[in-house]
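Q: Return a 3D structure for these sequence lines:
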Amino acid sequence: MKDIIPEIKKLRENAAVAYVGSVNENGFPQIKGMLVTEHGDMKTHYFSTNTSSKRAGQFLKNPKACVYYCDDTKDKYKGALFTGTIEVCTDHDTKAMIWCSGDEMYYPKGVDDEDYCVFKFTAETVNYYYGLGNVTLSIDQL
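A: Residues are numbered from 1 along each chain as shown. The predicted structure is shown next:
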């Protein structure tokens, strides 16, 4: 067990893209690749997007979510599926926390652009697949 915790952390730290899952208005799962812009703790993950996006609307109605990170290198596939909830944050401090140089290309009014928001994902569990193994941990075990 002690060996896989650093592997899960490394998988997340090395990810450029995460796959974020939401639930649409008909109860069907939806998945979207999103750029990973921060590598904070294992419980809280942040993503930036448009306030007007389909996903933001879905999370405002149903905050249940998942975030999947994977290393699909041939012969050593590994994946970590985090399950939890997403909060759509529109406050200045949260948006400024993950604002990156160049974001003004998408949000011309800057950090306070009304079409810029942050998804704050709070994990409850993680399911880690590695080799032929599979284990689910509560986020507190990480």
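
Q: Which single strand of the chain contains the most residues?
A: Counting by DSSP state E, the longest strand found in the chain is strand 116-130.

Q: Beta-bridge partners for His45, please?
A: Assessed by DSSP bridges, His45 has beta-bridge partners Phe121.

Q: contacting residues for it?
A: Contacts for His45 (CB atoms under 8 Å, 6 or more residues apart in numbering) come out as Arg12, Ala18, Val36, Glu38, Val67, Phe82, Lys120, Phe121, Ala123. The C-beta positions use only the backbone N, C-alpha and C, and glycine is treated the same way.

Q: model confidence over the helix of greatest length in the chain, on average?
A: Looking across the chain with DSSP state H, the single longest helix is helix 4-14. Across helix 4-14, pLDDT averages out at 90.

Q: That one vs strand 116-130, what angle?
A: Going by axes from the mean of the first three to the mean of the last three CA atoms, to 10 degrees, helix 4-14 is angled at 140 degrees with respect to strand 116-130.
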